[in-house]
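Trainee: A structural model of the following input is requested.
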Amino acid sequence: MANITRYNPFSEVVSLREAMDRLFEDSFFTPRQALWGGRGVNANLYETNEGFTLQVPMPGVKPEDVDITVQQDTLSLKWELKPQVPEGATVHWNSLQAGQFQQSFTLPAPINSERVEAHYADGILTLRLPKAEHAKARTIKVSAR
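Mentor: Below is the predicted model:
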């Protein structure tokens, strides 16, 4: 037995707000930005009692082409992507374009910039960001008098 579904032309209608949001995003975000997650790079941020771990995918980026700046609770990354086209090759599509990129992250707490560690492996930049001593949670014992 066949399933028959009635066509409803109003099921494809979007609200004016949604249409304006799409128009705005399409007008101001370049295809290069879409490569790195639309409004910013895709990233993972994990928190422990001691600090944060930030993972940022950077395929094809050389570690020496990454600049990291840390101040209080803000981390700024700048990097350059320089993909190589083989000599004599015909390009069929080219969405991984060369260029300079930057992204800033505001962390939930200040970090100790002296102890930040950066590691790059398998196309992922991993940053270990220890919390500043004054930002770490402490247990306070109550004494009786």
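Trainee: which pLDDT value goes with Ser95?
Mentor: Note on Ser95: pLDDT of 76.
Trainee: state the distance from it to Leu81.
Mentor: 12 Å (Cβ to Cβ, to the nearest Å). All C-beta spots, glycine's among them, are computed from the backbone N, C-alpha and C.
Trainee: who has more neighbours, those two?
Mentor: Between Ser95 and Leu81, counted using other Cβ atoms under 10 Å, the more crowded position is Leu81 (19 against 8).
Trainee: show me what contacts that one?
Mentor: Neighbouring residues of Leu81 by Cβ atoms under 8 Å, 6 or more residues apart in numbering: 58, 60-61, 65, 96-99, 101.
Trainee: for it, which residues count as its bridge partners?
Mentor: Beta-bridge pairing for Leu81 (DSSP bridges): Gly99.
Trainee: which residue sits closest to Lys62, ignoring its sequence neighbours?
Mentor: Lys82 (7.6 Å; Cβ to Cβ, 6 or more residues apart in numbering).
Trainee: please give me every residue in contact with that neighbour.
Mentor: 60, 62, 65, 98.
Trainee: which one of those residues is nearest Ala144?
Mentor: Asp65 (59.4 Å; Cβ to Cβ).
Trainee: need phi/psi at that closest one.
Mentor: Main-chain dihedrals, Asp65, degrees, to the nearest 10: phi -100, psi 10.
Trainee: in space, what's closest to it - neighbours in sequence excluded?
Mentor: Glu80 (4.4 Å).
Trainee: ok, the residue nearest to Pro110 when sequence neighbours are not counted to Leu107 distance?
Mentor: Nearest residue to Pro110 in three dimensions, chain neighbours excluded: Ala132, at 4.2 Å (Cβ to Cβ, 6+ apart). Look at Ala132 and Leu107: by Cβ to Cβ, they are 10 Å apart.
Trainee: if I look at Lys78, how far off is Thr69?
Mentor: Taken as Cβ to Cβ, the span from Lys78 to Thr69 is 8 Å.
Trainee: do Ser76 as well
Mentor: Counting by Cβ to Cβ, the gap from Ser76 to Thr69 is 4 Å.
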